[in-house]
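1. Generate a structure from the sequence data that follows.
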Amino acid sequence: MAMIKRGTQVPARWRLLACGLFLMASCSIAAAADEGIVDVHALPQLEGAVEDTSRPDPYRVEYRMPTPESVTSPAVKKMLSAAGWVPYLRPLEEKSTTLNFKKGRQGLSVHFTQALGRPDQSVVYYSTDRIYGNVPFPDGASEIMFDGTRPYLGCIAATALDATADFYKSQMDAIGWQKLTPDTAARWTTSLDETVPNGVRAFYAHPDSEVTGFYRQKPVMLTLTRRDDGRTNVDIRVAPFALPADLKADSDLAGLPRPNPTKSAKSLGGASSAKREMSAAVMADLPAVLAFYHRELAARGWQENGSVPLAAGDEVAIKVSNAEETGVLRIGRKYDFTMVSMATQLTEAALAARLKAKKEADERFFKDAEIAAKQVIAADEARRKVQAAALSDAPLNALADSKTPVPLPENAEGVKFEGGDGSLEFSSASSVKALTAFYRASLKPMGWNERPSVINQPNMAMLEFAKSGKSISFTVMQMGPKVRVSAEGSGLKMAVAKPAVDKPAEVQAKSSEPLKPDTESQLPVPTQRSSTSLATTKLPGTEMPFRRELEASVPAPLGDVLAFYRTELGKLGWQEKTDGAAVSAERAQIDFTSPQGPAVLKLGRAKGETTVNLAQKNPEAATKADIMPKPGQARVMFGNIGPKEASLTINKQTIKIAAGAGGPQSPKGPMLDLAPGTYQYALRTPGRPARSETLTVAAGDAWGLMVGPSGDVLPLQMY
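-> Sure thing, here's the model as predicted:
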């Protein structure tokens with residue numbers, strides 16, 4: 001940048017540039033000033049205050065006091081009042097602990113909290129509070145109720161009527177309020193009723209002004225009335241002719257009509273509750289509100305059946321009814337609001353009819369659920385038989401160069417060995433029978449002695465071996481089209497754990513053509529697939545499933561299939577989570593966030609093809625059905641459509657499952673929340689030997705364990 005030496009004559013264009021920069025800076029400073037916003041950092045603070053400067057904010061100040069809130073609050077009020085800030089209350093917020101102040105056209109809000117872990121200390125917060133409809137407070141006024149958004153002011157002036165009227169004549173003009181005359185009020189009304197018994201009334205309007213902060217302010221009505229004690233009542237509110245005369249309906253509260261606009265509203269119960277209530281503060285005059293309810297209640301089939309005794313604050317109290325309910329509508333005035341409350345309750349006949357209808361609906365629902373469960377169990381048994389038939393019974397040879405303490409069969413897949421923990425897991429395409437025979441034949445020559453086990457079934461077996469004070473326990477169980485082997489024990493522990501090595505990765509040939517999506521599938525899947533299945537879990541009679549799961553096998557490289565899913569899921573609005581994603585040449589697992597809920601994509605390789613498992617959860621449906629597990633845990637639900645009571649022991653807890661649990665006879669079956677992990681459970685039913693299986697659950701899962709008529713257990717992931 002060029003430098004100009006001191007004393008050098010500055011060319012005219014440089015002087016112009018300097019003047020321009022000065023003007024720009026001056027404009028910026030002027031624009032930044034806002035006389036309607038108080039500088040909270042310049043306000044006084046109590047002695048001993050320690051300000052928090054860690055998060056600077058131009059509109060907020062926070063400081064700690066060595067006194068409790070009960071002492072700090074009145075001290076702050078006294079200090080700010082001495083500095084010219086006038087305290088007031090807001091309509092309908094009389095019990096609030098927040099302090100509100102006004103000084104000219106500036107507003108200030110002060111609230112307090114207890115210091116963290118220190119009941120003997122408090123924290124004070126100053127916050128700016130912009131006043132959009134400023135009106136003057138008389139000097140020495142008491143019982144001030146003010147809202148600067150409409151505006152509304154109610155107070156008692158310390159002066160007599162004439163002096164108070166003179167004050168408002170001068171001060172309203174000073175703020176910019178212009179007194180309405182019949183001519184200037186013609187845009188709103190043709191009549192200005194200024195007659196007030198024992199008082200005076202005037203109407204004012206204020207033009208829009210960015211300088212004074214007024215914007216689209218409605219005309220106001222000022223009413224002054226003489227009091228017996230020589231003081232004057234002051235009331236400023238939006239002029240009645242500027243309020244809406246024909247009210248529109250807002251959203252219902254507890255299924256009951258609510259007019260618009262309202263300042264606040266609340267309700268109790270819902271549209272189908274036996275008892276329901278609603279209340280609202282409506283920003284309109286009473287006749288308009290009453291006309292709204294005459295119209296809305298008649299349109300909804302309600303009848304008005306005369307008046308009921310008035311309660312405190314009521315001006316109207318009407319008895320109402322419809323075919324099923326009776327109720328009372330109450331309307332009154334408070335401040336500048338019309339206050340509405342409506343309470344209804346079902347008649348005894350309607351309540352009995354609803355209970356009967358609910359019972360019949362529940363019976364139909366659980367009957368449908370029982371039928372659906374039997375169909376699922378039958379389909380699962382058929383599927384297991386087909387899958388078991390595809391498993392090989394051929395004798396197995398040991399995998400060469402295995403680094404595990406016990407041999408691995410030659411077709412072991414997905415081997416996970418933890419020598420430090422003494423655990424081993426893998427899958428195999430051989431049958432339970434072939435795998436148990438393999439370990440009996442291979443461990444006996446190594447000096448391992450087999451202990452007796454009562455579990456030795458076609459789809460599951462348990463083996464126990466011991467040698468020189470060490471032991472190994474094997475669980476061999478059919479899991480879909482594969483058999484899962486898990487082993488643990490001191491005989492598997494090694495000083496340095498060396499993971500077992502899978503077979504060398506296959507060479508994946510490139511796809512002959514790009515993968516195309518099947519437009520008929522509910523979840524994305526390529527048209528070039530050798531097999532596919534889609535499972536959904538939902539309650540009978542509902543359309544929204546808790547969980548959808550797609551399984552497929554695609555004759556294409558894993559990379560091509562992964563690229564296909566990233567593209568197709570992205571089109572559906574699914575977002576990939578990078579945390580925890582695992583992608584390699586042989587397998588991939590990626591978590592997604594979908595519009596319906598969490599989802600996970602798992603890809604693997606088997607028999608020269610890429611296997612696909614895509615599962616999507618719907619937390620809204622699960623929550624509505626009350627099956628959503630607690631955060632960080634899994635939920636297991638138990639049912640029994642068998643003819644006799646069953647007991648199931650899991651995680652050292654024995655659960656009695658009555659016959660018909662989960663069905664019409666006993667619709668509420670037991671539930672159990674578990675930490676994530678793998679659990680072995682044992683089922684006992686009268687007249688049958690105990691059966692043991694394992695269940696692996698993850699955080700956020702919901703599983704159903706349904707005992708079938710034959711005593712088998714069907715595990716089904718519900719969510």
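2. what is the mean pLDDT for the host helix or strand of Lys78?
-> When elements are defined using DSSP states H and E, Lys78 is found to belong to helix 69-82. The predicted model gives helix 69-82 an average pLDDT of 96.
3. Can you give the contact residues for it?
-> Defining contact as C-beta atoms under 8 Å, 6 or more residues apart in numbering, one finds that helix 69-82 is touched by 43-44, 46, 65, 67, 87, 97, 99, 101, 108, 110, 112-114, 122, 124. C-beta: built from backbone N, CA, C; applies to glycine.
4. That one: which residues count as buried?
-> Neighbour-count burial for helix 69-82, with 16 or more other C-beta atoms under 10 Å as criterion, is recorded at 69, 72-73, 76, 80.
5. any idea which of those is closest to Lys367?
-> When these are compared for distance to Lys367 (C-beta to C-beta), Glu69 comes out closest, at 59.5 Å.
6. Report the inter-axis angle for the helix or strand encompassing Gln121 versus helix 69-82.
-> When elements are defined using DSSP H and E, Gln121 is found to belong to strand 118-128. Here strand 118-128 runs at an angle of 30 degrees relative to helix 69-82 (axes from the mean of the first three to the mean of the last three C-alpha atoms, to 10 degrees).
7. Just the pLDDT for Pro499.
-> 46.
8. now, which of the contacts of helix 69-82 lie within strands?
-> By the criterion of DSSP state E, membership of these in strands covers 65, 87, 99, 101, 108, 110, 112-114, 122, 124.
9. Can you select the buried ones among the residues you listed for me in PyMOL?
-> Paste this into PyMOL to select the buried members of the ones in strands among the contacts of helix 69-82, with burial taken from 16+ other C-beta under 10 Å:
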select buried, resi 65+87+99+101+108+110+112+122+124
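10. Okay, now stretch 388-398: how far is its last residue from its first?
-> For stretch 388-398, the first and last residues are 22 Å from each other (C-alpha to C-alpha, to the nearest Å).
11. do the same with stretch 241-251
-> Chord length of stretch 241-251, first to last residue, is 25 Å (C-alpha to C-alpha).
12. List of residues touching that stretch?
-> Contacts of stretch 241-251 with the rest of the structure, by C-beta under 8 Å, 6+ apart, involve 185, 188-189, 218-219, 257-262, 282-285, 288-289, 291-292, 296.
13. Ala165 and Gly199 touch, don't they?
-> No - here Ala165 does not reach Gly199: they are 9.1 Å apart, not a contact under C-beta atoms under 8 Å.
14. that older thread, which single one of the buried residues of helix 69-82 is nearest to Arg605?
-> After measuring those against Arg605 - C-beta to C-beta - the closest member comes out as Glu69, at 66.0 Å.
15. picking up where we left off before, just the buried residues out of the contacts of stretch 241-251, in ChimeraX syntax.
-> Only the buried entries of the contacts of stretch 241-251 go into this ChimeraX selection, using 16+ other C-beta under 10 Å:
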select :185,189,218,219,257,258,259,262,282,283,284,285,288,289,292,296
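16. Take the contacts of stretch 241-251 and keep only those in strands.
-> Using DSSP E, 259-260, 262, 282 are the members of the contacts of stretch 241-251 that sit in strands.
17. Of all pairs in these, which one is the farthest apart?
-> Pairwise distances among the ones in strands among the contacts of stretch 241-251 were taken by C-beta to C-beta; the largest, 8.6 Å, belongs to Asn260 and Val282.
18. For this protein, name the helix or strand with the lowest mean pLDDT.
-> Of all the helices and strands that make up the chain, helix 12-32 has the lowest average by mean pLDDT, DSSP states H and E, namely a mean of 35.
19. ok, the residue nearest the centre of the chain - contacts?
-> With distances taken as C-alpha atoms, centre = their mean, the residue of the chain nearest its centroid is Glu620 (9.7 Å). Glu620 is in contact with 544, 596-597, counting by C-beta under 8 Å, 6+ apart.
20. a strand runs through it, doesn't it?
-> No - according to DSSP: H, G, I helix; E, B strand; the rest coil, Glu620 belongs to no strand; its state is helix.
21. Straight-line length of stretch 220-235, end to end?
-> Across stretch 220-235, the straight-line distance between its terminal residues is 10 Å, by C-alpha to C-alpha.
22. and Asn449, what are its bridge partners?
-> Each beta-bridge partner of Asn449 is listed here: Ala466, as defined by DSSP bridges.
23. I figured it was touching Lys467, is that so?
-> Yes - applying C-beta under 8 Å, one finds Asn449 in contact with Lys467, separated by 6.5 Å.
24. Which of those two has more residues huddled nearby?
-> Neighbours were tallied for Asn449 and for Lys467 using other C-beta atoms under 10 Å; the higher tally belongs to Lys467 (13 against 10).
25. Check that one and give its pLDDT.
-> At Lys467, the predicted lDDT confidence score is 90.
26. List the contacts of it.
-> 446-449, 491.
27. What are the boundaries of the helices in this structure?
-> When assigned using DSSP state H, the helices of the chain occupy the ranges 12-32, 69-82, 161-175, 286-299, 348-390, 432-443, 558-571, 619-624.
28. tell me the most buried of these?
-> Among the helices of the chain, judged by mean count of other C-beta atoms under 10 Å, the one packed with the most neighbours on average is helix 432-443 (a mean of 19).
29. how far is that helix from where the chain is centred?
-> Taking C-alpha atoms, centre = their mean, to the nearest Å, the mean C-alpha location of helix 432-443 is offset from the chain mean by 52 Å.
30. elements contacting it?
-> With contacts taken as 3 or more C-beta pairs under 8 Å, 6 or more residues apart in numbering; DSSP states H and E, helix 432-443 sits against strand 460-467, strand 470-479, strand 482-488.
31. that older thread, in the buried residues of helix 69-82, find the pair that's most separated.
-> Of all pairs drawn from the buried residues of helix 69-82, the one with the largest separation by C-beta to C-beta is Glu69 and Leu80; the distance is 15.9 Å.
32. Mind listing the shared neighbours of Ala165 and Gly199?
-> A shared contact of Ala165 and Gly199, defined by C-beta under 8 Å, 6+ apart, is any residue touching both; here these are Leu224.
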